[in-house]
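Asker: would you be able to build a 3D model of this:
(one chain, ligands or ions: 2)
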Amino acid sequence: MNKTIQIAIDGPAGAGKSTIAKIVAEQLGFTYIDTGAMYRAITYKALQQNVSLADEAALAELLKLSTIELQPSENGQLVFLDGENVSDVIRTNDVTSSVSQVAAHGAIREQMVSAQQQLAAAGGVVMDGRDIATHVLPQAELKVFMSATVEERARRRFIDNEKRGIDSTMESLIEDIALRDKLDSEREVSPLVQADDAIYLDTTTLTIDEAALEILRLAKERMN
Ligand code: CDP
Ligand code: CDP
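Answerer: Residues are numbered from 1 along each chain as shown. Ligands and ions are numbered 1, 2, ... in the order given. Sure thing, here's the model as predicted:
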């Protein structure tokens with residue numbers, strides 16, 4: 001029988017992580033965990049409650065008092081914050097432009113990493129984020145660092161935003177994504193970086209299916 005494994009997928013915004021991770025998890029019957037959604041949920045709550053994004057202690061306290069749950073559904077993963085479905089509101093421009101500031105705080109990351117490790121403890125898992133291979137699941141059997149050019153990532157986001165009814169221009173998206181890449185890669189605590197033992201996958205010219213098939217191939221090698 002095939003064994004269950006942990007698959008860690010990291011990379012910058014728009015690389016295709018969540019779309020591809022979801023397909024891989026479905027194909028293998030594993031749990032999919034979108035860790036970015038968890039950082040987005042606490043950022044949404046901080047904005048709602050006017051908590052300063054620079055106040056690490058206040059944010060950490062807010063997170064301690066919050067419940068963030070991820071639930072699979074036919075339309076992708078749903079995110080619940082204190083019992084309320086926040087799956088759409090955590091994708092707005094306001095949250096997107098603030099989340100990296102919240103995610104840079106060590107006291108936030110400590111709680112998130114511990115919650116994510118508990119979620120992964122159940123069995124086969126595909127988890128995507130920025131620090132999964134380096135901090136959350138350092139023992140993962142398969143680690144993938146996924147990327148694409150900033151122009152292609154912005155183009156994908158532009159199409160996503162159009163579908164969601166979120167206003168944006170290609171210029172502003174390239175700028176926003178490049179800034180978020182910089183903040184995520186240069187922060188002191190668990191920056192976005194390729195783990196030494198991760199496989200690099202450039203999705204710029206790959207279709208979603210091609211990228212998913214490549215990860216499934218790598219996963220099956222490790223499961224047999
Ligand atoms: O979907 P998108 O790539 O835009 O971002 P996301 O995966 O939803 O993550 C939003 C933000 O959360 C990232 O830009 C990071 O600042 C932060 N994040 C993180 O620091 N660590 C993770 N494991 C996941 C997300
Ligand atoms: O999770 P991450 O921010 O890395 O990216 P995503 O939200 O999975 O992908 C952003 C968009 O790009 C989605 O609409 C995907 O369907 C699309 N995509 C694509 O067109 N081609 C790929 N090879 C990967 C993703």
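
Asker: and whichever residue of the chain sits closest to ligand 2, how many neighbours?
Answerer: Taking C-beta to the nearest ligand atom, ligand 2 has its nearest neighbour within the chain at Gly16, 2.7 Å off. For every residue, glycine as well, the C-beta is placed using N, CA and C. If you count neighbours by other C-beta atoms under 10 Å, Gly16 ends up with 25.

Asker: again, but for Gln49
Answerer: For Gln49, using other C-beta under 10 Å, the count is 9.

Asker: same check on Asp82?
Answerer: Neighbours of Asp82 (other C-beta under 10 Å): 12.

Asker: that one contacts Leu62, doesn't it?
Answerer: No: at 10.8 Å, Asp82 and Leu62 do not qualify as touching, with contact defined as C-beta atoms under 8 Å.

Asker: surely Asp160 is within a helix?
Answerer: Yes: looking at Asp160 with DSSP: H, G, I helix; E, B strand; the rest coil, it is inside a helix.

Asker: please give me every residue in contact with the nearest residue to Asp167 once chain neighbours are set aside.
Answerer: Nearest non-adjacent residue to Asp167, counting by C-beta to C-beta, 6 or more residues apart in numbering: Asn161, 7.4 Å away. Shown in contact with Asn161 (C-beta atoms under 8 Å, 6 or more residues apart in numbering): 167-168, 173.

Asker: doesn't Lys17 make contact with Asp10?
Answerer: Yes: using C-beta under 8 Å, Asp10 makes contact with Lys17 at a distance of 7.5 Å.

Asker: buried members of the contacts of Asn161 into ChimeraX, please.
Answerer: Listed next is the ChimeraX selection for buried residues among the contacts of Asn161, using 16 or more other C-beta atoms under 10 Å:
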select :168,173
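
Asker: in TSV, list the contacts of Asn161 along with secondary structure, pLDDT and distance to Thr204.
Answerer: Below are the contacts of Asn161 laid out as TSV (DSSP: H, G, I helix; E, B strand; the rest coil; pLDDT from 0 to 100; distance: C-beta to C-beta, whole Å):
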residue	secondary structure	pLDDT	distance to Thr204
Asp167	coil	87	26
Ser168	coil	89	20
Leu173	helix	95	16
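
Asker: which one of the contacts of Asn161 is nearest to Leu142?
Answerer: Leu173 (30.1 Å; C-beta to C-beta).

Asker: Arg157 is in contact with that closest one, correct?
Answerer: Yes: look at Leu173 against Arg157 with C-beta under 8 Å: they come within range, at 5.2 Å.

Asker: so what sits against both of Asp10 and Lys17?
Answerer: With C-beta under 8 Å, 6+ apart, Asp10 and Lys17 have common neighbours 128-129, 146.

Asker: filter those down to the ones close to ligand 1.
Answerer: Gly129 (C-beta under 6 Å from any ligand atom).

Asker: quick one: contacts of the one helix or strand Val102 maps to?
Answerer: Using DSSP states H and E, Val102 maps to helix 93-103. Helix 93-103 has contacts (C-beta under 8 Å, 6+ apart) with 36, 39-40, 42-44, 46-47, 53-54, 59, 89, 108-109, 130, 166-168, 176, 180, 183-184, 187.

Asker: can you flag the buried ones in those residues?
Answerer: 36, 39-40, 42-44, 46-47, 53, 59, 89, 108-109, 130, 168, 176, 180, 183-184, 187.
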